[in-house]
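Q: Got a predicted structure plus its sequence, pasted below:
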Amino acid sequence: MNEFIRLQLKLKWGFNRNNDKKSAIMTAVASCLAIAVALALVWALTFVLKASMSVDAKKLSQLYITIIMIALTVVATGMQVTRLYKPADMMITARFPLSPFKLFMGYLILNYIDLTIYATILLLPIMIAYGVAMHCISALYIVGIILGAVLLPMVPFAVSVFLAIPIVYISQLLSKHGVLRLIIFVVFLVGCFVLYYYILNVLADFFIHRDWETGTLEIWDKILTGLDSKYNPAVYLANVIFFKNFLVGLGVTVVFSAVLTAIGVAIARIVCSDIRNKALENGFGGYKRVTTLDNYGSARAIWRYTFREILRTKTYSYFYLGVAISTPVMVFLCHRLVSMVGEAQIGKGINFGVSVLVIAVFMAMICSFTGTILSVEGKNFYITKLVPVGFRKQLLIKSVLNVLVSVVALIISAVVLWALDFVSLKELGVIVLSQFLLAVGLVFNGVNLNLANPNLKPKANGETEEINITYMLLIGLVIAAGLGACSIIFPRKFDNGALYAYIVCAGVGALYALVNILIFAFTADKKYKNIEI
């Protein structure tokens, strides 16, 4: 079992010289940016709350510890479901010279080790940023957060062992209902975004007006008071970090986690054994559907196949189609936030520029997934060379589908902004035209990039390769920032600035789309023929 754990850790955390260095660099850069944004948000929120409320360091820290615990519980539950109940390598590990119990315990230990690493990565920098903002950094505080990082995984791990069981059964019930799962994800995504928007809105309001309304302070006071409860595990962990009632905090955390984990593992062992045995006996083929030959034309067949591929691939269905569906709501919230900050710093009359900026950013997010239009085929890519349909036609049909998904989100978002009087009818037309051209350019840019860098290495569960998505997202964000800046600045600096902004938005979109279409037309043949699995 020790060798099994060591090999699994090496596969996940070990360095492999064969790994894609570009992907590793881009992942590191993206991670650093995400960490920097999170730490800046923690520092800003702490600074504001400290300046506006009389609250001690321990009580306020419980807010962040609670959020981290919830995040780790979600991560831990996902790991329990994936490793214990739905491992991709079940057919292989079933042949290992390990008893089912040792295999079960090995996966539990792996999950706990991974959770400890995540807990350390989350807690240490966040609590250091918090300590800087609260001016409570000391040698004892550093020792406390190190102890906290050791204890932090215990409660999320114990809770996740229990949570994973109903989630597995619910996921089995929803396994044949991809649309329902997508709806649940969209609701969850919008909810998270609304919460994020609320926090940013509160921070922006404070830094702009240098004060808060009484109602806002009352809400935050209720939140902090509610979290400071004996039923909140974060309170006991905060006791350890700040060495206040240290033994009580340590004892409750360890004993509660140990008892809950023991009960959960006893139940999970029975459930896990039953689920794995059924999966092995059925060969993962419990659900069979009787199908007939479809007499579709080539275009309709490829279109239908591509759409089903989106629904069946988790990355596509959730973070591509899910983001596209929720874009109108997120555009509305982002527009309100950015326009509020912009009007305070620049002045009124920036709605058009803000609309261009916000919608362009979401177009970049949606269209970035076209960087995997070939990679998503994975080991089945050879089929695209065997079917009696030209590869140009295949790619064009897939590209049109991606453009349509973007355009639907674009039109709904633009109409929402117009209906709420954020933009005029003329500005609405310019936004729809320019962003449609931008979407076309982004889609064909993604196709060209994927032709040059197909990334067809075998991937578990048909998931997409992230490096091309990252490249496309960066390209899209740069273009969005440029268009947004021009649309905000030109009307304020030039007499006919609004007209110039319209021309720049439409011109850049048209030029970008034309260039990428021409690149596709003249280079796709050679690139496609050179692709091999």
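A: Okay, I see it.
Q: Identify each buried residue in stretch 150-158, please.
A: For stretch 150-158, the buried set under the neighbour-count rule, 16 or more other Cβ atoms under 10 Å, comprises 151-158. The way it works is simple: take the backbone N, C-alpha and C, and place the C-beta from them, glycine included.
Q: out of those residues, who's nearest E218?
A: Taking Cβ to Cβ as the measure, E218 lies nearest V155 of the buried residues of stretch 150-158, at 29.6 Å.
Q: where does G191 sit relative to L237, distance-wise?
A: 26 Å (Cβ to Cβ, to the nearest Å).
Q: Ignore what I typed, I meant T225.
A: Relative to L237, and taking Cβ to Cβ, T225 is found at 18 Å.
Q: cool, and L180?
A: 37 Å.
Q: More neighbours: these two, which one.
A: Between L180 and L237, counting by other Cβ atoms under 10 Å, L237 is the more crowded of the two (29 against 11).
Q: Touching the helix or strand where that one lies from outside, list them.
A: Per DSSP states H and E: L237 is located in helix 233-241. By Cβ atoms under 8 Å, 6 or more residues apart in numbering, the surrounding residues in contact with helix 233-241 are 58, 61-62, 65-66, 69, 127, 141, 144-145, 147-148, 151-152, 155, 227-229, 244-246, 248-250, 252-253, 256.
Q: so where is the stretch 201-350 of the chain shaky, pLDDT-wise?
A: For the stretch 201-350 of the chain, applying pLDDT under 70 flags the ranges 201-217, 273-298, 303, 307-321, 335-349.
Q: Show me where it has its helices.
A: For the stretch 201-350 of the chain, the helices defined by DSSP state H, counting those that start in this stretch cover 214-227, 233-241, 246-282, 298-312, 314-316, 323-345.
Q: can you pull the contacts of the nearest residue to G446 once chain neighbours are set aside?
A: Leaving aside its chain neighbours, G446 sits nearest to T370 (3.0 Å; criterion: Cβ to Cβ, 6 or more residues apart in numbering). Residues counted as contacts of T370 (Cβ under 8 Å, 6+ apart) are 399, 402, 442-443, 445-447, 450, 472.
Q: same check, this time on T66
A: T66 neighbours (Cβ under 8 Å, 6+ apart): 227, 232, 234.
Q: Most neighbours of all those, which one?
A: A234 (24 neighbours).
Q: ok, that one to T77 distance?
A: 18 Å.
Q: What are the contacting residues of stretch 432-440?
A: 356, 359-360, 363, 366-367, 403, 406-407, 410-411, 414, 479, 483, 502, 505-506, 508-510, 512-513, 516-517.
Q: In helices, which of these fall?
A: Those of the contacts of stretch 432-440 mapping onto helices are 356, 359-360, 363, 366-367, 403, 406-407, 410-411, 414, 479, 483, 502, 505-506, 508-510, 512-513, 516-517, per DSSP state H.
Q: What residue, apart from its backbone neighbours, is nearest L410 spatially?
A: Using Cβ to Cβ, 6+ apart, the nearest residue to L410 is Q435, at 5.2 Å.
Q: how many neighbours does that neighbour have?
A: Residues near Q435, counting by other Cβ under 10 Å, number 29.
Q: Compute the distance between it and G264, please.
A: Applying Cβ to Cβ to Q435 and G264 gives a distance of 49 Å.
Q: Now stretch 145-157: average pLDDT?
A: Mean per-residue pLDDT for stretch 145-157: 92.
Q: next one: stretch 511-523
A: 92.
Q: Start the count at 17 instead of 1 going forward.
A: Yes, from this point I'll number from 17; that puts the last item at stretch 527-539.
Q: Name the residues of that stretch that are buried.
A: By neighbour count with 16+ other Cβ under 10 Å, stretch 527-539 contains the buried residues 528-529, 532-533, 535-536.
Q: Repeat that for stretch 420-434.
A: 421-423, 425-427, 429-430, 432-434.
Q: domain parsing for the protein?
A: Domain ranges of the chain: 18-26+41-193+231-298, 314-545, per automatic domain parsing.
Q: for M69, phi and psi?
A: phi -130, psi 150 (degrees, to the nearest 10).
Q: Mind putting the buried residues of stretch 420-434 into a markdown table with pLDDT?
A: Shown next, in a markdown table, are the buried residues of stretch 420-434 (pLDDT from 0 to 100):
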| residue | pLDDT |
| --- | --- |
| V421 | 84 |
| S422 | 87 |
| V423 | 88 |
| A425 | 86 |
| L426 | 89 |
| I427 | 90 |
| S429 | 85 |
| A430 | 87 |
| V432 | 85 |
| L433 | 84 |
| W434 | 87 |
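Q: out of those, which one sits closest to L57?
A: Relative to L57, and with distances defined as Cβ to Cβ, the nearest of the buried residues of stretch 420-434 is S429, at 25.1 Å.
Q: quick one: contacts for the closest one?
A: 343-344, 347-348, 375, 378.
Q: if we go to 7 Å?
A: By Cβ atoms under 7 Å, 6 or more residues apart in numbering, S429 lies in contact with 343-344, 347, 375.
Q: Tell me the one of those residues nearest A149?
A: For the contacts of S429, the nearest to A149 is V347 (31.5 Å; Cβ to Cβ).
Q: and Y123, what element?
A: Assigned by DSSP H and E, Y123 falls in helix 116-150.
Q: Give me the next element, helix or strand, following that helix.
A: Next along from helix 116-150, by DSSP H and E: helix 155-167.
Q: and that following helix with helix 262-298, angle?
A: 30 degrees (axes from the mean of the first three to the mean of the last three Cα atoms, to 10 degrees).
Q: what does helix 155-167 contact?
A: 135-136, 139-140, 143, 147, 253, 256-259, 269.
Q: now the buried residues of stretch 527-539 as a markdown table including distance to G445?
A: Converted to a markdown table, the buried residues of stretch 527-539 look like this (distance: Cβ to Cβ, whole Å):
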| residue | distance to G445 |
| --- | --- |
| Y528 | 19 |
| A529 | 17 |
| N532 | 23 |
| I533 | 23 |
| I535 | 28 |
| F536 | 27 |
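Q: Give me the distance between the closest residue to V423 other than its chain neighbours and S503.
A: Counting by Cβ to Cβ, 6+ apart, V423 lies nearest to F452, which is 5.9 Å off, once chain neighbours are set aside. For F452, the distance to S503 equals 16 Å [Cβ to Cβ].
Q: out of those two, which sits in the busier spot?
A: S503 (29 against 20).
Q: so the more buried one touches V372, yeah?
A: Yes - S503 lies in contact with V372 (Cβ atoms under 7 Å); the separation is 4.3 Å.
Q: Can you check which residues contact both of these two?
A: C521.
Q: okay, the buried residues of stretch 166-174 in a markdown table with secondary structure and distance to R408 next?
A: Putting the buried residues of stretch 166-174 into a markdown table (DSSP: H, G, I helix; E, B strand; the rest coil; distance: Cβ to Cβ, whole Å) gives the following:
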| residue | secondary structure | distance to R408 |
| --- | --- | --- |
| L167 | helix | 59 |
| L168 | coil | 53 |
| P169 | coil | 52 |
| M170 | helix | 56 |
| V171 | helix | 55 |
| P172 | helix | 50 |
| F173 | helix | 51 |
| A174 | helix | 55 |
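Q: out of those, who's nearest F201?
A: P172 (21.5 Å).
Q: on that earlier part again, what would the contacts of helix 155-167 look like in CSV with distance to K26?
A: Below are these laid out as CSV (distance: Cβ to Cβ, whole Å):
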residue, distance to K26
A135, 21
T136, 19
L139, 25
L140, 24
M143, 30
G147, 35
L253, 31
V256, 32
I257, 32
F258, 37
F259, 37
T269, 31
